[in-house]
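Trainee: sequence and predicted structure, then a few things I'm wondering about:
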Amino acid sequence: SLEKVKDQASWYEAFRKHQLDPEKASFFYLEFPDGSRLVQPIRESSDHHPLEFGRRAIAQLIGIPKRSHWRDCVVSQPEELALANEFRTRFQLYADRIGS
């Protein structure tokens, strides 16, 4: 799981939680301009980058970690259409600027 780290102690705790050696284990690490840091320890048995990593990192960063899974974000079709239309309207300003 994605862990917020503040200092060396919390870094080591993130790895211990996953029963991994922080000196040897692989990991993904993000550091943001506001100083917040996230780490995703990776088990040796895992040969791939977790596909949900970016989505989980952003959801945690903006304070809604439970929305990191798409199933937790499902809305009704009318609400989805309203959200899509709102996005199109807001994006149009940028699309006009880039010539789309």
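Mentor: Alright, I've got the coordinates. Numbers count the residues shown, from 1 in each chain.

Trainee: buried ones in the helix or strand harbouring Glu13?
Mentor: Using DSSP states H and E, Glu13 sits in helix 8-17. The neighbour-count check on helix 8-17 (16 or more other C-beta atoms under 10 Å) flags Trp11, Ala14, Phe15 as buried. From N, CA and C alone the C-beta is placed, and that goes for glycine too.

Trainee: residues in contact with Phe53?
Mentor: By C-beta atoms under 8 Å, 6 or more residues apart in numbering, Phe53 lies in contact with Leu2, Phe28, Gln40.

Trainee: so which of those residues are in strands?
Mentor: Phe28, Gln40 (DSSP state E).

Trainee: I'd like the contacts of Phe53 laid out as JSON lines, including neighbour count, pLDDT and distance to Glu79.
Mentor: Shown next, in JSON lines, are these (neighbours: other C-beta atoms under 10 Å; pLDDT from 0 to 100; distance: C-beta to C-beta, whole Å):
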{"residue": "Leu2", "neighbour count": "20", "pLDDT": "71", "distance to Glu79": "28"}
{"residue": "Phe28", "neighbour count": "15", "pLDDT": "79", "distance to Glu79": "33"}
{"residue": "Gln40", "neighbour count": "20", "pLDDT": "77", "distance to Glu79": "31"}
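
Trainee: kindly reformat the contacts of Phe53 as TSV containing distance to Pro65.
Mentor: Output for the contacts of Phe53, formatted as TSV (distance: C-beta to C-beta, whole Å):
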residue	distance to Pro65
Leu2	8
Phe28	16
Gln40	13
